[in-house]
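Peer 1: this is a predicted model, with the sequence first.
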Amino acid sequence: MVEFHTEGTHSGTLRSSLGDFAPTGKSYYVRYCSVMRVKDGMVVEGRDYYDSATFVRQLGLA
């Protein structure tokens, strides 16, 4: 398991299961958690978790 963050500026089309969102020019900072299952030294399964509500709120999409 690993925790990290990403930050940047929404400068391109955001494609999601809810549709495409045009660039807003707004900045974002989101913390993530990746959980991986390792077998014989190789990652064989992985899941990422993040606070999507905070992400879309920072971009002004919610």
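Peer 2: Yes, it's here.
Peer 1: drop to CA atoms for contacts and neighbour counts, all remaining ones
Peer 2: Will do.
Peer 1: run a quick neighbour tally on residue 33.
Peer 2: 15 (other Cα atoms under 10 Å).
Peer 1: following the helix or strand in which it is found, which helix or strand comes up?
Peer 2: Under the criterion of DSSP states H and E, residue 33 resides in strand 27-39. Using DSSP H and E, the next helix or strand after strand 27-39 towards the C-terminus is strand 42-50.
Peer 1: on that earlier part again, averaged pLDDT, the strand holding residue 33. What do you get?
Peer 2: Averaged across strand 27-39, the pLDDT comes to 96.
Peer 1: adjacent strands (with direction) for that strand?
Peer 2: When pairs are called by DSSP bridges, strand 27-39 turns out to pair with strand 2-9 (antiparallel), strand 42-50 (antiparallel).
Peer 1: pull the distance from stretch 27-44 to the chain's centre.
Peer 2: 12 Å (Cα atoms, centre = their mean, to the nearest Å).
Peer 1: re the thing from before, redo the strands paired with strand 27-39 as a markdown table? Include mean neighbour count.
Peer 2: Output for the strands paired with strand 27-39, formatted as a markdown table (neighbours: other Cα atoms under 10 Å):
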| stretch | mean neighbour count |
| --- | --- |
| strand 2-9 | 10 |
| strand 42-50 | 11 |
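Peer 1: closest one to residue 61 among those strands?
Peer 2: strand 2-9 (13.7 Å; Cα to Cα).
Peer 1: after that closest one, heading C-terminal, what element do we hit next?
Peer 2: strand 14-16.
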